[in-house]
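Asker: From the sequence below, what's the structure:
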Amino acid sequence: MIRQSRTSYFLPRIVRVSIGCLLAVLPVMASAVVGDEEQLVAKAPNIIVILADDLGYGDISSFGAKTIATPRIDQLAEDGLRMTQFYAAAPVCTPSRAGLMTGRYAARMGMSHVFMADAPDGMPLSEITIAEQLKQAGYYTGMVGKWHLGHQDRYMPWNQGFDEFYGVPFSNDMANFFFYENQKIIYEPIDQRYLTRRYTEKAVDYIERHADVPFFLYLAHSMPHVPLYVSPEFEGKSAGGLYGDVVQELDWSTGEVVDKLRQLGLLENTLIVFSSDNGPWLAMGDHGGSSGSLRDGKGSTFEGGQRVPTVIHWPAQINGGRVESSITSLMDLMPTFSALANVPLPADRTIDGEDITAILTGDGVATERQFFYNSAAAPEIVAYREGNWKLKLARSGYPKILEPIIKFDRYSHELMLFNLETDPSEKNNIAAEYPERVTRMQQAIADLEKNIAAAEPRELYMRATSSDKKGYGPLFIKGGLLVLAVVLLALALLYGLYRLIKIAIYRGDK
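Answerer: Okay, the predicted model is just below:
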């Protein structure tokens with residue numbers, strides 16, 4: 001009989017004991033892991049972006065407005081951050097909103113201007129939005145308000161990462177302006193006097209229904225885009241006329257969102273961003289708002305067109321009362337929110353925005369950042385900021401003397417260089433004094449244009465293509481002859497009537 005060694009005898013027993021211990025510990029380990037995950041989710045902030053439409057840099061009290069009172073937004077600034085050099089992603093709404101959603105310059109997507117009501121295109125579905133990023137981290141995603149990134153079904157919010165949508169497909173001055181409740185069109189005329197109030201009610205309801213889960217809410221107001229409407233409660237309440245009334249209702253709306261968060265105990269760990277999609281529409285006169293001391297407004301790549309009043313509030317991480325002058329933009333929100341949710345950025349594309357968490361919390365100092373300005377009329381880059389220096393490429397158009405009347409920023413100007421630290425109003429062109437800097441900054445624009453072109457983006461159709469009427473000649477001739485015949489007949493009838501009246505007068509005289 002072969003005797004078993006002590007080692008070989010005890011080995012199975014050791015294995016059995018080890019397995020037993022491991023089985024006993026596994027539930028505890030699993031519980032700890034689940035606990036860590038739950039703790040991570042619990043710490044992830046709720047995120048709310050409140051975006052006004054065409055609100056100017058000088059239209060908020062804390063940014064210098066004298067005739068418009070915005071106490072609720074100002075309180076967010078006092079308790080959080082007032083961002084003094086924060087930029088919209090573009091000088092008009094569609095490319096700006098695309099930059100917000102994706103963290104990328106709209107030129108990379110082939111966007112040239114604004115999607116009109118008959119546009120067949122929309123923001124490419126290949127783009128990855130904030131909502132799609134946050135869903136990876138278990139966020140519930142909702143949008144209330146104006147979308148304007150394509151109104152065909154395939155381009156609407158429900159196909160771009162949003163679990164819920166209540167709002168309108170584009171600007172309030174466009175045809176076929178109806179509410180959508182998720183994918184259902186509500187075929188009823190919209191009374192725009194109650195548009196801001198309706199959005200607010202839906203936003204507050206969304207917050208209440210998702211108080212127990214991490215959520216993202218994109219509240220995109222239609223105001224103060226022209227035409228202006230305000231509910232009766234706010235009509236005539238502002239010293240700034242109808243425009244001021246509208247902005248003060250937006251302030252009330254912001255307060256309602258904050259009050260609901262406070263009531264539900266969510267305010268401490270909710271990151272709120274209040275901003276605008278571009279500068280004020282100055283061509284609209286009293287209905288167009290103000291860019292304060294900045295030059296020009298909507299549609300322009302001067303500062304008034306893209307530097308927008310922005311407030312960021314997050315009590316859990318942001319110490320209140322700070323004024324932040326770092327160069328930041330709407331494009332920074334997507335990478336920042338992704339970082340806060342611990343979701344990696346897409347590796348297959350260029351993300352132009354940056355994670356600015358350290359700027360928000362005050363834990364880091366921003367390096368000298370860059371910002372490129374998209375044209376409002378073509379998918380190209382027409383200006384560039386590097387630190388305090390800004391280069392604006394030359395443009396052709398009508399004589400500048402007509403701009404005070406037309407106010408469309410389409411006038412001719414030479415190549416311009418400004419030092420925004422000493423000349424924030426962009427009054428003094430110093431390009432001739434710094435030729436080397438000009439050359440270097442021109443090269444930076446050219447390099448970015450080359451980088452964008454390398455991806456071969458298709459220029460999108462922002463409105464319907466022109467109809468082809470070739471071969472309609474005979475129909476046009478017949479139509480023209482018919483119109484001519486009607487005109488001649490009308491003239492003959494008028495002449496006959498004239499003769500009858502003249503004869504009657506002659507007979508009456510006798």
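
Asker: hey, let's count contacts and neighbours off CA atoms from now on
Answerer: Fine.

Asker: Could you find the closest non-adjacent residue to Arg104?
Answerer: Asp352 (5.0 Å; Cα to Cα, 6 or more residues apart in numbering).

Asker: and the one you found, helix, strand or coil?
Answerer: For Asp352, the assignment made with DSSP: H, G, I helix; E, B strand; the rest coil gives coil.

Asker: Quick check: it vs Thr70, distance?
Answerer: Between Asp352 and Thr70 the distance is 32 Å, computed by Cα to Cα, to the nearest Å.

Asker: Of those two, give the one with the bigger neighbour count.
Answerer: Set Asp352 next to Thr70 and count neighbours by other Cα atoms under 10 Å: Thr70 wins out with 22 against 17.

Asker: Tell me which residues of stretch 431-442 come out buried.
Answerer: Residues 431, 438, 441-442 are the ones in stretch 431-442 that count as buried (16 or more other Cα atoms under 10 Å).

Asker: Let me have these in a markdown table, extended by secondary structure.
Answerer: Formatted as a markdown table, those follow (three-state DSSP):
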| residue | secondary structure |
| --- | --- |
| Ala431 | helix |
| Val438 | helix |
| Met441 | helix |
| Gln442 | helix |
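
Asker: Name the nearest of those residues relative to Lys407.
Answerer: Ala431 (24.5 Å; Cα to Cα).

Asker: Just give the nearest non-adjacent residue to that closest one, would you?
Answerer: In this structure, Ala431 finds its nearest non-sequential neighbour in Leu417, 4.6 Å apart by Cα to Cα, 6+ apart.

Asker: so the one you found sits in a strand?
Answerer: Yes: with three-state DSSP as the criterion, Leu417 is located in a strand.

Asker: May I have the beta-bridge partners of it?
Answerer: Going by DSSP bridges, Leu417 is paired in beta bridges with Leu391.

Asker: Against Leu294, how distant is it?
Answerer: Here the criterion is Cα to Cα. By it, Leu417 lies 15 Å from Leu294.

Asker: Looking at those two, which is more packed in?
Answerer: Each of Leu417 and Leu294 has its neighbours counted (other Cα under 10 Å); Leu417 has more, 26 against 22.

Asker: That one touches Lys392, doesn't it?
Answerer: Yes: counting by Cα atoms under 8 Å, Lys392 is a contact partner of Leu417 at 6.3 Å.

Asker: Need the per-residue pLDDT for Val343.
Answerer: On pLDDT, Val343 comes in at 98.

Asker: Verify the stated contact: it with Ala131.
Answerer: No: contact criterion Cα under 8 Å: Val343 and Ala131 do not qualify, at 11.7 Å.

Asker: Looking at these two, which is more packed in?
Answerer: Between Val343 and Ala131, counted using other Cα under 10 Å, the more crowded position is Ala131 (27 against 16).

Asker: quick one: contacts for the closest residue to that one other than its chain neighbours?
Answerer: In this structure, Ala131 finds its nearest non-sequential neighbour in Gly161, 4.9 Å apart by Cα to Cα, 6+ apart. Each residue near Gly161 by Cα atoms under 8 Å, 6 or more residues apart in numbering is listed here: 129-132, 135, 141.

Asker: again, 7 Å this time
Answerer: Gly161 makes contacts with 129, 131-132, as judged by Cα atoms under 7 Å, 6 or more residues apart in numbering.

Asker: Could you save these as CSV and add columns showing pLDDT, distance to Pro309 and secondary structure?
Answerer: Listed next are these as CSV, based on pLDDT from 0 to 100; distance: Cα to Cα, whole Å; DSSP: H, G, I helix; E, B strand; the rest coil:
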residue, pLDDT, distance to Pro309, secondary structure
Thr129, 98, 23, coil
Ala131, 98, 24, helix
Glu132, 98, 27, helix
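
Asker: which among these gets closest to Asn374?
Answerer: Nearest to Asn374 among the contacts of Gly161 is Thr129, at 19.5 Å by Cα to Cα.

Asker: What is the burial count for that closest one?
Answerer: 20.

Asker: Who are the contact partners of it?
Answerer: 101-102, 160-161.

Asker: Between these, identify the one with the most neighbours.
Answerer: Most surrounded of the contacts of Thr129: other Cα under 10 Å gives Thr102, at 26 neighbours.

Asker: how deep is Arg72 tucked in, by neighbour count?
Answerer: Neighbours of Arg72 under the rule other Cα under 10 Å: 18.

Asker: What helix or strand is it located in?
Answerer: Assigned by DSSP states H and E, Arg72 falls within helix 71-79.

Asker: The next helix or strand after that helix pairs with which strands, and in what direction?
Answerer: Next helix or strand after helix 71-79 toward the C-terminus (DSSP H and E): strand 81-83. Paired with strand 81-83 in the same sheet, following DSSP bridges, are strand 310-313 (antiparallel), strand 322-324 (parallel).

Asker: What average pLDDT does the first one get?
Answerer: The one in question is strand 310-313. On average, the pLDDT along strand 310-313 is 98.

Asker: residues in contact with Asn269?
Answerer: 45-46, 314-316 are the contacts of Asn269 under Cα under 7 Å, 6+ apart.

Asker: Where does pLDDT dip in the stretch 101-250 of the chain?
Answerer: Across the stretch 101-250 of the chain, not a single residue meets the criterion (pLDDT under 70).

Asker: Report the contact partners of the residue nearest the centre of the chain.
Answerer: In the chain, the centroid-proximal residue (Cα atoms, centre = their mean) is Arg97; its distance is 3.1 Å. Applying Cα under 7 Å, 6+ apart to Arg97 gives the contacts Asp277.

Asker: A strand includes it, no?
Answerer: No: under three-state DSSP, Arg97 sits outside any strand and is assigned helix.

Asker: For it, report the pLDDT, please.
Answerer: On pLDDT, Arg97 comes in at 98.
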